[in-house]
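Trainee: This is a predicted model, with the sequence first.
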Amino acid sequence: TQLLEQSPQFLSIQEGENLTVYCNSSSVFSSLQWYRQEPGEGPVLLVTVVTGGEVKKLKRLTFQFGDARKDSSLHITAAQPGDTGLYLCAGGGFKTIFGAGTRLFVKA
Amino acid sequence: ETGVTQTPRHLVMGMTNKKSLKCEQHLGHNAMYWYKQSAKKPLELMFVYSLEERVENNSVPSRFSPECPNSSHLFLHLHTLQPEDSALYLCASSQGGQDAHEQYFGPGTRLTVT
């Protein structure tokens, strides 16, 4: 059974700090997606990483796919209160599985 | 309307009621999904319809019954629910069938079973 483990589960930081969250598995994935979910809303797709070792940037967010395609990380530079939310990684294509998420709170 | 819409946004029902959740996607996608999101648990895939073929999670109780009349509409029929079924029910769509990776979610229906 494929599983995605995310860490940390919860992170509370001050505005302007940097942070990294992780998504790990013992299984190989053809791709991984990252989503952000705000309270009372559905997840919103941020990025898909496909190639082992790939790095993608989305403004202050940097996503990396591990060389073996078993893990991924999300780094946020100079976090802002608007980055607050639940960050989810997902993989598996048609029968997608999701990690439990990292809940990020950025204090002004 | 754009994206994926869900109605109702909130639903309170008794254990003997029958209700339906509705989802509509305006993205021209060919696959639609139902997920359950409970507190402190990962999103759980319940059902997938791709090109109107259904794939289901075998652990979903029969009191949940999906219906997909066409590629744009998806329903989840609910009957004789239990309090532990209270959760956020999310609909999503994607393009690409079994190789689909990127899903677009609706805002969800917050269901409370009393």
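Mentor: All right, it came through fine.
Trainee: hey, let's count contacts and neighbours off CA atoms from now on
Mentor: Fine.
Trainee: If you drop the residues flanking it in sequence, what lies closest to residue 56?
Mentor: Unless you meant another one, I'm taking chain A. Computed as Cα to Cα, 6 or more residues apart in numbering or on different chains, the closest residue to A:K56 that is not its neighbour in sequence is A:F63, at 5.1 Å.
Trainee: Can you look at chain B instead?
Mentor: Spatial nearest neighbour of B:E56, chain neighbours left out: B:F47 (4.4 Å); criterion: Cα to Cα, 6+ apart.
Trainee: ditto for A:N18
Mentor: Distances taken as Cα to Cα, 6+ apart place A:T77 nearest to A:N18, at 4.6 Å, with adjacent residues excluded.
Trainee: How about B:L43?
Mentor: Sequence neighbours aside, B:Q37 is the residue nearest to B:L43 in space, at 4.8 Å (criterion: Cα to Cα, 6+ apart).
Trainee: what number of residues lie near that neighbour?
Mentor: Applying other Cα atoms under 10 Å in any protein chain shown, we find 20 residues neighbouring B:Q37.
Trainee: ok, now which ones touch it?
Mentor: B:L43, B:E44, B:A87, B:L88, B:Y89, B:L90 (Cα atoms under 8 Å, 6 or more residues apart in numbering or on different chains).
Trainee: among these, which are in helices?
Mentor: The helices in this structure, assigned by DSSP state H, contain none of those.
Trainee: For chain B, which residues are neighbours of chain A?
Mentor: Taking Cα under 8 Å from any Cα of the partner chain as the measure of proximity, chain B contacts chain A at B:40-45, B:48, B:90, B:97-108.
Trainee: In chain B, which residue is most central in space?
Mentor: B:W34 (2.8 Å; Cα atoms, centre = their mean).
Trainee: in which helix or strand would I find it?
Mentor: When elements are defined using DSSP states H and E, B:W34 is found to belong to strand B:31-37.
Trainee: And the average pLDDT for that strand is what?
Mentor: Strand B:31-37 shows an average pLDDT of 94 in the prediction.
Trainee: what lines up beside it in the sheet?
Mentor: strand B:44-50 (antiparallel), strand B:87-94 (antiparallel) (DSSP bridges).
Trainee: Make JSON lines from those and add distance to B:F64, mean pLDDT and mean neighbour count to it.
Mentor: Supplementary listing: the strands paired with strand B:31-37 in JSON lines, determined by distance: least, Cα to Cα, whole Å; pLDDT from 0 to 100; neighbours: other Cα atoms under 10 Å in any protein chain shown:
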{"stretch": "strand B:44-50", "distance to B:F64": "9", "mean pLDDT": "90", "mean neighbour count": "22"}
{"stretch": "strand B:87-94", "distance to B:F64": "11", "mean pLDDT": "95", "mean neighbour count": "26"}
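Trainee: could you dump the ones you listed to JSON lines with distance to A:E17?
Mentor: Putting those into JSON lines (distance: least, Cα to Cα, whole Å) gives the following:
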{"stretch": "strand B:44-50", "distance to A:E17": "32"}
{"stretch": "strand B:87-94", "distance to A:E17": "32"}
